[in-house]
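Peer 1: I would like the atomic coordinates for the input below:
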Amino acid sequence: MNPETISWEEVKSLQRRNRELEALNTIAATVSASLELDNLLDAALSQTLELTGFDAGGVYLLDAQTLTLRTYRGPTREHAHLNKQISLENQALARIVLADTPTHFSEVNESAACGGPRLITGVSRERGQTTQGRPRQTVPLTSLLPEPHADVQAVTFIPLRAKGKTVGLMSISTTHSKPTLSALNIDTLAAIGNQIGIAIENARLYEAERQAHQTATTLRQTLTAVTSTLELDEVLSLVLEQLVHVVAYDSAAVMLLADNGFDVLLAKGQLGKEKRQHTAVPFTKRKAAWRVTQERKPLVLPDVYQAAEWTAVEKMRYIRSWVGVPLVIRDEVIGVLTVDKTEPNYYDEHHVELLQAFANQVTLAIENARLYETIRRELAERTTLYEVARAMGSTLDLNTILETVLDEAIRATGAERGYLVFRDEETGDMVPCVARNLDQATIAGDDFQVSRTIVERVATSGKPILTVNAKEDPRFARQPSVITYGLRSILCVPLLGKGQTIGTLYLDNRLKTGQFSQRDLDLLTAIASQAATVIENAMLYERLKQTNWQLAQKMEEVNRAYEQLQATQAQLIRAEKQAAVVELAGATAHELNQPLTVLQGLATLLTNEVEENSRLWHDLQAIREATMRAAEIVRRLGRITSYETKPYVGSTRIIDLERAAGGDTLAEHTQDSN
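Peer 2: So this is what the prediction gives:
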């Protein structure tokens with residue numbers, strides 16, 4: 001081409017074309033520089049506004065029949081409503097969005113600023129066509145403009161296409177006085193739309209791949225967490241921590257079906273706060289979750305404010321989007337896993353699929369934890385029964401047995417306090433015999449702050465009582481002891497011995513509701529059954545010890561009486577001997593006194609008749625002296641009846657043979673005589 005023949009118009013056209021191609025290259029470089037969808041859209045919109053000289057714009061992504069605003073630029077960007085959704089039920093909107101070329105409106109109805117329906121009324125310009133003879137189109141202004149403005153003069157809608165289909169829409173507008181776009185401009189915008197559309201598809205593919213990789217990694221980490229520990233609370237906490245990386249949420253909860261509602265095992269709320277609780281939440285307050293368990297399939301509530309299944313709760317007013325999936329073990333629904341967001345229309349079917357995968361991990365964790373808990377509990381129960389049996393078999397000391405029974409029962413059930421209560425045989429009142437706490441310390445005797453109503457009812461009926469919350473149990477809620485002492489969880493079983501109740505075993509927890517279960521009741525009944533006979537035997541042993549002590553005291557008294565009897569018997573024998581001696585002495589003195597007197601007299605007469613100092617005279621003198629000594633002995637024997645007496649038994653007195661009338665004893669005199 002000869003440069004001299006090129007017109008000025010052609011030069012300007014070439015310059016404009018170069019600028020457009022440069023812009024296309026810039027946009028191509030921009031959209032290919034990032035695979036992060038939001039960054040890509042924001043950069044593409046900025047470049048397009050700069051190319052066209054328009055003031056504001058937004059990019060929508062198309063999903064089925066719904067447009068969602070993902071980015072916006074304009075003078076008042078803070079007012080743009082990101083994630084705004086537009087339905088394509090309006091045919092005029094659908095034609096614009098699904099067209100294969102951009103649509104430009106160069107004439108906008110001035111009356112749109114008057115608070116009416118805000119309509120764009122104008123003509124569209126497509127590739128290679130002019131506005132002459134074209135019919136006017138009317139579309140809702142508020143629908144496709146990210147931020148409707150009364151001063152808008154022109155609007156262009158650029159379909160974002162890839163692989164022959166529309167994936168989104170770019171809406172740009174200006175407040176300049178009625179700008180126009182040429183066919184070349186339309187071609188350029190169409191090319192821009194195609195580049196952005198391809199970039200969106202690539203970003204989506206990348207995001208899908210990244211999400212798939214993230215999901216696989218997270219599920220693998222979750223499985224590792226599930227198999228790393230058997231503590232259910234710890235596992236659930238790890239699962240919810242991983243879940244947020246795949247399915248974003250503001251709060252999540254794992255709830256199991258209970259008798260009259262849901263048992264919330266773990267709830268992770270806003271700011272990552274965890275709340276563990278085991279109190280039942282009525283089905284009426286979780287109707288959406290209840291529906292999930294009944295229909296056995298996931299439920300998505302795009303906007304809970306518009307859902308009949310949703311129960312408004314003050315502390316949950318921040319929730320807008322909600323999803324619940326069932327927890328199923330061996331074809332049995334055991335609960336529900338829920339997540340929610342503060343913005344509406346957040347969750348879709350893809351989120352449900354991911355959430356169901358995590359629900360499977362949760363059910364695996366729950367099943368493993370249940371199996372572990374069952375084995376651990378059975379082992380603990382067997383250990384408890386063994387320890388009770390061992391302790392009771394190693395001693396007959398009643399206090400040791402009672403304390404061991406209480407300590408093992410408290411340890412096995414997690415009770416705060418325990419009492420063994422027996423009926424006083426004299427007053428008939430139920431009186432605590434032993435009281436222990438969780439630290440295996442004895443509770444002071446005056447601290448009998450229990451439900452006497454429950455204790456008395458169990459002792460009278462012989463049937464156990466279990467209440468998970470006495471303050472709300474209609475059977476006991478009005479009892480003064482329950483109100484005064486703030487009693488909550490209570491478990492009380494009878495001690496049955498030989499067909500009758502000998503006492504009760506009472507456990508409670510004043511701080512926690514739902515502490516005891518039916519399994520705890522069964523275990524405590526087994527402990528009580530095992531202990532009752534031993535306690536009864538120990539009581540019998542204590543009574544036998546008391547009886548033996550009393551018998552020992554009686555035996556000591558008998559032994560003392562026997563010793564006294566033996567001493568008395570010895571004294572009686574001695575007295576009898578003394579009486580015999582006295583009688584013998586009296587008889588002897590009487591019989592010997594007369595012969596001795598005769599001999600003494602004859603000896604005296606014969607002495608006077610013989611020669612003095614003769615041998616015969618000396619012999620007679622010897623006879624005379626001997627008879628005199630014999631007479632003295634007889635005389636003394638005769639004096640025995642005049643000897644002093646001494647006390648014997650009672651008022652009886654006996655002769656004191658050791659004291660003669662003259663002060664010397666018979667034995668002494670006899671010795672002197674010899």
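Peer 1: element containing the most centrally placed residue in the chain, please.
Peer 2: Geometric centre of the chain, nearest residue: Q515, 6.8 Å, by Cα atoms, centre = their mean. Using DSSP states H and E, Q515 falls within no helix or strand.
Peer 1: before we move on, what about E632?
Peer 2: E632 belongs to helix 615-638 when assigned by DSSP H and E.
Peer 1: repeat for R574
Peer 2: helix 518-609.
Peer 1: before we move on, back to that, distance of the residue nearest to the centre of the chain from V468?
Peer 2: For Q515, the distance to V468 (Cβ to Cβ, to the nearest Å) stands at 8 Å. Every C-beta, even on glycine, is put in place using the N, C-alpha and C of the backbone.
Peer 1: for E425, list the residues it contacts.
Peer 2: By Cβ atoms under 8 Å, 6 or more residues apart in numbering, E425 lies in contact with nothing.
Peer 1: mind checking pLDDT for it?
Peer 2: pLDDT, E425: 75.
Peer 1: three-state assignment of it?
Peer 2: E425 falls in the coil class when you classify it by DSSP: H, G, I helix; E, B strand; the rest coil.
Peer 1: tell me the pLDDT of L523.
Peer 2: 89.
Peer 1: quick revisit: which neighbours do Q515 and V468 share?
Peer 2: Each of R488, S489 lies in contact with both Q515 and V468 under the rule Cβ under 8 Å, 6+ apart.
Peer 1: and L337, what are its bridge partners?
Peer 2: Under DSSP bridges, the beta-bridge partners of L337 are V254, V325.
Peer 1: just checking, it touches L299?
Peer 2: No. In this structure, L337 is not within contact of L299 by Cβ atoms under 8 Å, at 11.5 Å.
Peer 1: the two: who's more crowded?
Peer 2: Comparing L337 with L299 by other Cβ atoms under 10 Å, the one with more neighbours is L337, at 28 against 20.
Peer 1: contact partners for that one?
Peer 2: Neighbouring residues of L337 by Cβ under 8 Å, 6+ apart: A252, A253, V254, G324, V325, L327, L355, F358, A359, V362.
Peer 1: highest neighbour count among the residues you listed?
Peer 2: Busiest of the contacts of L337 [other Cβ under 10 Å] is G324, holding 28 neighbours.
Peer 1: ok, that one to A289 distance?
Peer 2: With Cβ to Cβ as the criterion, G324 and A289 are 5 Å apart.
Peer 1: overlap of the contact sets of these two?
Peer 2: V336, T338.
Peer 1: who's in contact with stretch 404-411?
Peer 2: Applying Cβ under 8 Å, 6+ apart, the contact partners of stretch 404-411 are 384, 387-388, 391-392, 415-420, 434-438, 440, 505, 507, 524, 527, 531, 535.
Peer 1: out of those residues, which are buried?
Peer 2: For the contacts of stretch 404-411, a burial check counting by 16 or more other Cβ atoms under 10 Å picks out 384, 387-388, 391-392, 415-420, 434-437, 505, 507, 524, 527, 531, 535.
Peer 1: residues near the residue nearest to S87 when sequence neighbours are not counted, how many?
Peer 2: Among residues not flanking S87 along the chain, T66 sits closest, at 5.8 Å (Cβ to Cβ, 6 or more residues apart in numbering). Neighbourhood size, T66 [other Cβ under 10 Å]: 14.
Peer 1: now do I96
Peer 2: Residues near I96, counting by other Cβ under 10 Å, number 23.
Peer 1: just the buried positions in the host helix or strand of it, please.
Peer 2: In this structure, I96 is located in helix 91-98 according to DSSP H and E. When burial is assessed from 16+ other Cβ under 10 Å, helix 91-98 yields the following buried residues: L93, I96, V97.
Peer 1: what do you get for stretch 164-180?
Peer 2: T166, V167, G168, L169, M170, S171, I172, S173, T174, P179.
Peer 1: then stretch 350-361?
Peer 2: Within stretch 350-361, the residues that count as buried by 16+ other Cβ under 10 Å are H351, V352, L354, L355, Q356, A357, F358, A359, N360, Q361.
Peer 1: hang on, the earlier thing: the residue nearest to the centre of the chain reaches A415, doesn't it?
Peer 2: Yes. Using Cβ under 8 Å, Q515 is in contact with A415, at 7.0 Å.
Peer 1: between those two, which contacts overlap?
Peer 2: By Cβ under 8 Å, 6+ apart, Q515 and A415 have these common neighbours: S489, N509.
Peer 1: lovely, talk soon.
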